[in-house]
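Q: With the input below, show me the fold.
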Amino acid sequence: MTGVPVETEKAIRYIQTLDLARCQGQWLQVPEHARKVEKHAPHRNILVLTARAEASAATTAFSEQSSTFRPLISSLVDAITKPNPYPEDSFQAIVCLSWLHWLLQEPEQALAQLVEDPVTAYDTAATERARSREWIKVCALKYAYIKGFTLEKSNLPNEAAIAYYSALPLLSDVSRNVALGSMPREFRLWAERLLSRCVAYTLKAQPLDENTEYGRLLQIFHHWAALFNFHPTDSKTGLQAPQTTPDFELGQEVEYTRWNMWMSYYTILSQILKRGFVYSISYSDSNPNVFTAPSNYTAEEYRDSRLKQRKELKNVENCIETKLLEETSFPKAHVRNERVENWADAIMDNWKIMCGSSWSDADLGQGGKNAIAKGVLDILYRAATKTFHSTQILRHLFTVHAYLAEFDLALKALDSYLELYTRGKARTEKTGEIDFSLDHEDKVLWILSEAISILCRFGGRKEAEKAKDIAAKLRLWTEEWDTEPQIQEATTNEPNGLNGSGNITEPIVKPVSGSIISVAYHALGTSEAHWGRLTYEASTRTQHQNKAQEYFRLALQRKYRNSRNLDYLYSLAILMAEMRDIPGSIKVVKQALAEGANQGTSEDDFQKERKLIRFWHLLTLLLSARSDLLNAAKASNAAFEQFQDPGMLFGHQEYRSEHLNDTEKTNSPALIDHMNPFEKVGVLEVKMTQVALLEAFEGPASAVEASPDLLALYVRLFGDLRDMEPMKTSGEAKVPKSRVGSLRASLFKRARSRKVDNPRINVGPPQTAQPPQTAILQTVQTAVAFPRPSTAGTSTAAPTIQVTDTSSSGIVEARGRPTTNGISGRPKSGVYDGTKNADGRLVQRSRSRSKIRKRNSVRDSMESFRPPSPTANYDENSPENAEAQQINGVSSVSVRNSVQSFARPGTSTSTATRTTVAHRNKRESSMSMKSTASDTTSVLAGMVIGRAASPAPAFPNITDRRHKLSVLVELWLFVSGMYMRAEQFEDSKDAINEAAHLVSKFELELSRATSSAKAFANSGWGGGRSIDQMWGDIWTQRGELAKSSDFPHDAINFFEKAVGYWPNHARAIVGLASLLLDLYSEIITPDAPEDRPPPFLTATNYITNSGSATNSTTTASATPAPPSLSRHQTGQSIPLSIASANTSTSNNNNPSTTNNNNLPTDTHPTTDSPAETTPDLLNRLAARDRAYFLLSTLTKLGVGWDYSEAWFALARVYEESGQVEKAKEVLWWCVELEDSRPLRPWGCVGLNGFLL
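A: So this is what the prediction gives:
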């Protein structure tokens, strides 16, 4: 071998020009460039021969290839066999020779030329002296592609995979220096061919599962996507110009088009998302490692990994959508654009995962789940512009709008969907031609079931009527498509039929899966049961309930494979409980609990156990309806014992010194932190039921100490309402410091108000409002049943829950239950008198009177509606606090130990130091509500629409606050009822005022957001209560307090206001009717005594800010007061002297089974008054008749048909009217209701109606 000839500068330049022409695919210019190279570098004859052969191969027609390529093949073979000092020329000749054989469809000959490994061959050719560096890279890609393809066709899959993947390092090396999209045309052509073939081969070789090499696939797709992500800069303008897509053909052998490649890329990312895999910490385009179990990740690393995953998904989505919109035109009416619909399906599948429970807002970047959902909506609407009446896209629009709580838009999409489907179905039945543009039957049943669930769960009466109309169509189609698989004989004229008789047996395929049929029947049952609650026709209520029970049992049939569905069992159990079938409901609940136990412990955030909380709560109430209070207590405890470790549910709280709490904020999320708000309400309701159990055992005096723990539990579950409060507007006037006042007297260690000692307690709204108290709301660590870690000088655990001897003296009576509103007490336990320091941090405070200090006014003005309030200094070394920090376990042989202990560590249970309730302390503004200026939404999670496939709706912040406010108001009134039954009327009044203050602030916020008064009466979507409903509850509670305090006339006024706000308020109507009957029976006088204390205040003085806790005569006027008139008719009481005595009774039939006529008008009470009719007698008759009208209507409604107090009051009306037989009949009905009446109403379990 002779030495390498020295090339001239001109020869080098022509060789590089030839290399550039080949790289750019300028084949018509290659022969000329080859001639110049041959002239100036005659020793590069192999390079010249190869270049001419490549140009001929690229420009020769298919019909002339054989005659043209044969001479070229012979010349190349001869040239390759001769010694050549230029390895790059030999490498190019070998690749060209194999390419010619490949074009002639001679894979064996092509493979025979490619003996070496592609990487080795490339390394040999790509020397430092190589002049054609760029074309050598192209040849390396061709080498790998041709060898891999021929090996694949030769049934050598492993060798083919090695050949394909051997080019990936070359692409990685190139991408480190330059963008792949900036490479020459031929490089991009063969890179795209190679990568497309790699993907096609990999995806066909094995299905996507956990064993798939996702990292290698992602590396392939990253290289492939990089070919299209280059944006060259215009030299004149300096702006990036859009890259033009190469116009070359990939060849028939490349099965995957660019659209297929993009969708495959998206499919791989979707599989990673679906399987819960995460990216590595060092994830990059060149090193895309994917892990299945990142147990060693920190929270920040895990979030960063998911942010990378979301970013890549979004980039691919943008590329696919751009390509789709550019290449797709609007179809004709009879054409279905499947590409667009498949794309919409893929987008929806990923959206359901990212907006589900496994992803958080922090994992998704700016905007969180709400931004993701809105982006999906935009994609769906753009996709709709490329389809013609697509029912599939309308279904997706319904789902996403429902998630965003845009239920009106969701229902409009549903109406369009039903209209299109109904017309298409009728057209198909008429013509016999299948319309493939319509959704499948199972999708139709699913969306109708989803709509019914949404309407019944989040809507009111109007929405329930809409659900009833949808259920009519759902019922028709479900019965039509619920066909059993059967064999049908089709007659044929051919004599040689399969059965020899001229008939051919053909199986009929069942059109809809059994699980979907089960879903449909459950939705039908939900609609019937929900309408049974709301119907005004009392005679049809039982029919609706029976029909609902039938549908629920159909949904649970084994043939539908849903017989163990906890959601369906819950619906059936709660319905049977409302129908007073207590044994049947207990049987269903036990079946659900047994099924839950058989399924074992769930690993996905205890999903099964979280559902079973409702079943244990329902079982508690069912057992209480059978007077089995001890077993009811066991059932209530089992709701939490199933989680084994209490710290798993409530978290392991860190109890440290105030200095450490100030300097370091620990975060130990518990299971309740992952629960949705409705699940949290369920936990709170169980605790309230445990309080009611203790009240039934030991009376209300033992229950009053539970209120601090219940309110602290509320804060632990829902957080501080200040976190959601809006900032003050600039126009709001800052409250003067002079109106702050001093610290109000603490309820701790003060005289309790009793009926005997203080018969004239002012139970009306305060003249000077007391600042809201947060003393019992601030100590999150002391929530009910929270375990406390061991600290110095303290015990290690709170009293446990156990059942003791049933003969204990603590049992008052077997059927002991609270009165009227059914709220009760809890075991004795010590409580912390909690407050907050100036920085809003939680601190402990002794039960003794503490020093008063001012809070930072600037912080107060930013954090609360209320004026700044002083807080107590905490002296950790004081004797009182030292005593308060000692833990004395509650030891008692009474039945209180069978109820969940609310004892919190750090307090004494001694009678002398026992606390009453912390809401009498000077409360800070943590529970006050503020209006919002933000439109962002927060997920009101946990209300999964029917099935797990759909994420929970994300409600606006104002709806979220309404829901939490409704719960908090109910809790304050619950506390008020406990104090009222314990005859601590001042405490009860203060609790009512706290609830009223919250409602007034939220009413002010709502009035700023809307100009219509209807907003106060409308609860909207989301499960919260309307402003008027909450005012109705508050005024009702005031009426009951006034009645208990011997203020019947003020009670009448309060009940009138409650009925004015909420005309169908059951407790208000019963309370008002009872007092009207007392007027009729002359138990109370028509007018209040003249020598009575100052009358109760009206609504105009409802809430004000106090200047001093001790100066009750100071009048303030800052906070807004509710109107003196209600939004329904009137909010003022109707004076009995002007009550209508001739009110029409034609439309108020007796609600009992005999359906007697109206009250007799000639039946007058026996009195000593003159026989002639007097105004006093007319007033009394009017009071009796009005009581009858109210009660007769109430007992026909869904809120009162099973309300025993209403029926008992109605029986009294009949008795006072002389209709003894009618009274007996109603009283027997009361006995039947009482026999199946639970400790608390069934509604405290069915928070979502009949849906779990």
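Q: Which element, helix or strand, includes the closest residue to Leu269 other than its chain neighbours?
A: Spatial nearest neighbour of Leu269, chain neighbours left out: Leu313 (5.3 Å); criterion: C-beta to C-beta, 6 or more residues apart in numbering. Using the backbone N, CA and C atoms, a C-beta is placed for each residue, glycine as well. Assigned by DSSP states H and E, Leu313 falls within helix 299-327.
Q: on contacts alone, who are the packing partners of that helix?
A: helix 258-274, strand 278-279, helix 338-354, helix 368-384 (3 or more C-beta pairs under 8 Å, 6 or more residues apart in numbering; DSSP states H and E).
Q: And the helices in the stretch 501-650 of the chain?
A: Ranges of helices in the stretch 501-650 of the chain, per DSSP state H, counting those that start in this stretch, are 514-534, 538-555, 566-578, 582-598, 607-625, 629-641, 646-650.
Q: Out of those helices, which gets the lowest mean score?
A: Ranked on mean pLDDT, the bottom entry among the helices of the stretch 501-650 of the chain is helix 646-650, at a mean of 78.
Q: quick one: buried residues of stretch 122-138?
A: For stretch 122-138, the neighbour count (16 or more other C-beta atoms under 10 Å) marks Tyr122, Ala125, Ala126, Ala130, Arg131, Ser132, Glu134, Trp135, Ile136, Lys137, Val138 as buried.
Q: Quick check: Asn350 vs Lys443, distance?
A: 19 Å (C-beta to C-beta, to the nearest Å).
Q: Tell me which two of the buried residues of stretch 122-138 sit farthest apart.
A: The span of the buried residues of stretch 122-138, defined through C-beta to C-beta, is set by Tyr122 and Arg131 at 15.7 Å.
Q: Run through the stretch 1-150 of the chain and note the low-pLDDT ranges.
A: Along the stretch 1-150 of the chain, segments meeting pLDDT under 70 span 1-4, 128-131.
Q: now do 80
A: 1-6, 126-133 (pLDDT under 80).
Q: Same question for the stretch 651-800 of the chain.
A: Scanning the stretch 651-800 of the chain for pLDDT under 80 picks out the ranges 651-670, 706-707, 720-800.
Q: Next, count neighbours for Gly368.
A: Applying other C-beta atoms under 10 Å, we find 21 residues neighbouring Gly368.
Q: swap that for Trp531, sorry
A: 23.
Q: Look up how far Arg553 lies from it.
A: 18 Å.
Q: Going by residue numbers, what spans are strands in the stretch 51-200 of the chain?
A: Counting by DSSP state E, counting those that start in this stretch, the stretch 51-200 of the chain has no strands to list.
Q: Which pLDDT value belongs to Glu924?
A: 35.
Q: Give me the mean pLDDT for the helix holding Leu313.
A: Mean pLDDT, computed over helix 299-327, is 91.
Q: now stretch 421-439
A: Here stretch 421-439 scores 87 as its mean pLDDT.
Q: name the element the closest residue to Ile1034 other than its chain neighbours belongs to?
A: Among residues not flanking Ile1034 along the chain, Ala996 sits closest, at 5.1 Å (C-beta to C-beta, 6+ apart). Taking DSSP H and E as the definition, Ala996 sits inside helix 985-1009.
Q: what's downstream of that helix, the next helix or strand?
A: Following helix 985-1009 in sequence, per DSSP H and E, is helix 1014-1017.
Q: Packing partners of that next one?
A: Looks like helix 1014-1017 contacts helix 985-1009, helix 1027-1044 (3+ C-beta pairs under 8 Å, 6+ apart).
Q: So which bits of it are buried?
A: Ala1015, Phe1016, Ala1017.
Q: can you tell me which of the residues you listed lies nearest to Leu569?
A: Ala1017 (35.7 Å).
Q: Roughly how far does the closest residue to the closest one other than its chain neighbours sit from Val999?
A: Counting by C-beta to C-beta, 6+ apart, Asp1028 is the residue found nearest to Ala1017 once chain neighbours are left out, at 4.7 Å. Taking C-beta to C-beta as the measure, Asp1028 falls 10 Å from Val999.
Q: again with Ser280
A: From Ser280 to Val999 the distance is 52 Å (C-beta to C-beta).
Q: go on, Gln591?
A: 41 Å.
Q: Looking at those two, which one has more neighbours?
A: Neighbour totals were compared for Gln591 and Val999, and Val999 leads with 26 against 17 (other C-beta under 10 Å).
Q: need the contact list for that one.
A: Applying C-beta atoms under 8 Å, 6 or more residues apart in numbering to Val999 gives the contacts Leu965, Val969, Ile1027, Met1030, Trp1031, Ile1034.
Q: And for Ile162?
A: Contact criterion C-beta under 8 Å, 6+ apart gives no residues in contact with Ile162.
Q: How about Pro331, nearest residue that isn't a chain neighbour?
A: Closest residue to Pro331 apart from its sequence neighbours, by C-beta to C-beta, 6+ apart: Asn337 at 4.9 Å.
Q: Surely that neighbour is in contact with Ser390?
A: Yes: assessed by C-beta atoms under 8 Å, Asn337 is found in contact with Ser390 at 7.5 Å.
Q: So for these two, which residue has more residues nearby?
A: Set side by side, Asn337 and Ser390 show more neighbours around Ser390, with 25 against 21, by other C-beta under 10 Å.
Q: tell me the pLDDT at that one?
A: 90.
Q: next one: the one 4 residues further on
A: According to the per-residue confidence, Leu394 scores 95 in pLDDT.
Q: burial count for it?
A: 25.
Q: Just the element for it, please.
A: Following DSSP H and E, one finds Leu394 within helix 391-403.
Q: returning to that earlier point: can you give me the distance of the residue nearest to Leu269 to Arg610?
A: For Leu313, the distance to Arg610 equals 29 Å [C-beta to C-beta].
Q: Quick one: mean pLDDT over the helix holding Ala996.
A: In this model, helix 985-1009 has a mean pLDDT of 91.
Q: Please apply the same query to stretch 1237-1252.
A: For stretch 1237-1252, the per-residue pLDDT averages 84.
Q: That one: end-to-end distance?
A: Using C-alpha to C-alpha, to the nearest Å, the end-to-end distance of stretch 1237-1252 comes to 22 Å.
Q: Now that stretch: buried residues?
A: Buried-residue list, stretch 1237-1252, by 16+ other C-beta under 10 Å: 1237-1242, 1244-1252.
Q: What is the nearest of the residues you listed to Ala451?
A: For these, the nearest to Ala451 is Leu1251 (13.2 Å; C-beta to C-beta).
Q: Would you convert the contacts of Val999 into CSV that also reports distance to Glu326, pLDDT and neighbour count?
A: Below are those laid out as CSV (distance: C-beta to C-beta, whole Å; pLDDT from 0 to 100; neighbours: other C-beta atoms under 10 Å):
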residue, distance to Glu326, pLDDT, neighbour count
Leu965, 50, 91, 24
Val969, 55, 94, 25
Ile1027, 51, 91, 25
Met1030, 54, 93, 28
Trp1031, 57, 95, 30
Ile1034, 60, 96, 28
